[in-house]
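Engineer: Attaching a predicted model along with its sequence, questions to come.
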Amino acid sequence: MWGYIVLVLAVAGAPAFAGDDLTFPEVARGAARIVSGWEAQEGQIPHQISLRMVTPGGGVSSCGASLIHHEWALTAAHCTAARVSLVLRFGTVNLTRPALIQESTEYYNHPSYNEAFPGVVQPNDIGVIKLRRPVEYTDLIKPVRIQRSADKDKSYDRVQLTASGWGLLWTQATSPENLNWVYLLGVENSYCRVRYGFSTIIQDSTICASAYNVSSQSTCQGDSGGPLTVVDVDGQLSVVGVTSFVSATGCHTDFPAGFIRAGYYHDRYYQLTGINFDWDPEEAGSGEGSSEGSNENSTESSNEDSNESSNENSHESSSESSSESSSESSIGSSESTSEEDK
């Protein structure tokens, strides 16, 4: 059976994609998130960031993100689109005891992502966040390396992958405070397209993953923007995907979850940051699951350089610009609306 989408009234000018039988983890029926996973231990996933987003109207929702550099984080575009403030928690398993909290208003989404419709599942659902202050690495806070560009089209069919995030452990359960993680198995895009009725959302820059050994295992509400990682060819960890969408039939169904391939956008990262996040396994050195090895030969750009190289989807957020782009959004009412909901 094909997945299906929860229908939303069409809006003039909204992007249309064939076979849109999928949705964001935040709006999936069942109100679940990391499902059938395990609680993380302190320091187990030091690149994981908890992201809270504030809309112009004061609504609060949650996503995940990955630390990729002292000054940069990687997340999904639909997490930051039309938001005026982002609160990031670092170095924590328990949300009530973060090692570090920062606020940022500066994010850069992919230029082809239409921020006027953040409630519509779109390709290129990826962006970076500029941190207000550089983060000091510790045992609890470390960056993760981005998938190298040479592997951007690599098949991960039947490969063990790991997703992580905070959220409900099952439908209508209470939301835990602790970070959870789950094994998933990569699946071919051809299979993913068939399951989603040949949706054009599933492109070469998409990676899909299904349950590892329990049919309900998946990402879901609150996990958007978080990392999908693999133990790479050199034995080190790489983030291969950014959590983007699930089936509208629910999170703990047998439909694959969808992620954006992080290795597809190295030119974009360099344009915005001046940092070369690409790498070669023969030159990666000892590696520590970080992007620092590739940064030694790169030049970090100033804020002015990043602003000059950005585009219409790059923001140092303001209430006015975010209000304009959020007017057609259908995602806000389906996300958490207060801190207590998390």
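Structural biologist: Yes, it's here.

Engineer: which residue sits closest to residue 156, ignoring its sequence neighbours?
Structural biologist: Nearest residue to residue 156, sequence neighbours excluded (CB to CB, 6 or more residues apart in numbering): residue 186, at 3.0 Å. From N, CA and C alone the C-beta is placed, and that goes for glycine too.

Engineer: repeat for residue 149
Structural biologist: Of all residues not flanking residue 149 in the chain, residue 266 sits nearest, at 4.7 Å (CB to CB, 6+ apart).

Engineer: Please give the element, helix or strand, for the one you found.
Structural biologist: helix 266-273 (DSSP states H and E).

Engineer: cool, and residue 101?
Structural biologist: Counting by DSSP H and E, residue 101 is part of strand 100-104.

Engineer: May I see the buried residues of the helix holding residue 266?
Structural biologist: Neighbour counts over helix 266-273 (16 or more other CB atoms under 10 Å) mark 266, 268-273 as buried.

Engineer: ok, now stretch 44-56?
Structural biologist: Result for stretch 44-56 [16+ other CB under 10 Å]: buried residues 45-56.

Engineer: That one - what's its average pLDDT?
Structural biologist: The average pLDDT within stretch 44-56 is 96.

Engineer: mind checking the end-to-end distance for that stretch?
Structural biologist: 35 Å (CA to CA, to the nearest Å).

Engineer: Equivalent analysis for stretch 136-148, please.
Structural biologist: End-to-end for stretch 136-148, by CA to CA: 24 Å.

Engineer: mind starting the numbering at 24 from now?
Structural biologist: Sounds good: first residue 24 from here, last item stretch 159-171.

Engineer: which SS class is residue 76?
Structural biologist: strand (DSSP: H, G, I helix; E, B strand; the rest coil).

Engineer: so who does it touch?
Structural biologist: Taking CB atoms under 8 Å, 6 or more residues apart in numbering, we find residue 76 in contact with 83-86, 102-103, 106, 108-110.

Engineer: Format the residues you listed as a markdown table; extra columns: neighbour count and distance to residue 213.
Structural biologist: Listed next are the contacts of residue 76 as a markdown table, based on neighbours: other CB atoms under 10 Å; distance: CB to CB, whole Å:
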| residue | neighbour count | distance to residue 213 |
| --- | --- | --- |
| 83 | 20 | 39 |
| 84 | 25 | 33 |
| 85 | 27 | 33 |
| 86 | 29 | 29 |
| 102 | 33 | 28 |
| 103 | 29 | 31 |
| 106 | 27 | 35 |
| 108 | 17 | 41 |
| 109 | 26 | 36 |
| 110 | 16 | 39 |
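
Engineer: Identify the farthest-apart pair in the buried residues of stretch 67-79.
Structural biologist: 69 and 79 (32.8 Å; CB to CB).

Engineer: Any stretches of the protein with poor pLDDT?
Structural biologist: Applying pLDDT under 70 to the chain flags residues 24-60, 190-199, 236-245, 273-275, 307-365.

Engineer: now the helices: where do they sit in it?
Structural biologist: 100-103, 212-218, 289-296, 315-318, 326-332, 342-349 (DSSP state H).

Engineer: The closest residue to residue 256 other than its chain neighbours and residue 224: what is the separation?
Structural biologist: Nearest non-adjacent residue to residue 256, counting by CB to CB, 6+ apart: residue 304, 5.3 Å away. Residue 304 sits 31 Å away from residue 224, going by CB to CB, to the nearest Å.

Engineer: what's the answer for residue 256, then?
Structural biologist: From residue 256 to residue 224 the distance is 29 Å (CB to CB).

Engineer: Who has more neighbours out of those two?
Structural biologist: The neighbour count for residue 256 versus residue 224, taken as other CB atoms under 10 Å, is higher for residue 224 (22 against 13).

Engineer: shouldn't the more buried one be in contact with residue 146?
Structural biologist: Yes - at 6.1 Å, residue 224 counts as touching residue 146 under the criterion of CB atoms under 8 Å.

Engineer: surely residue 226 meets residue 145?
Structural biologist: No - taking contacts as CB under 8 Å, residue 226 lies outside contact range of residue 145: 10.4 Å.

Engineer: Show me which of the two is the more surrounded one.
Structural biologist: A side-by-side neighbour count of residue 226 and residue 145, using other CB under 10 Å, places residue 145 first with 21 against 15.
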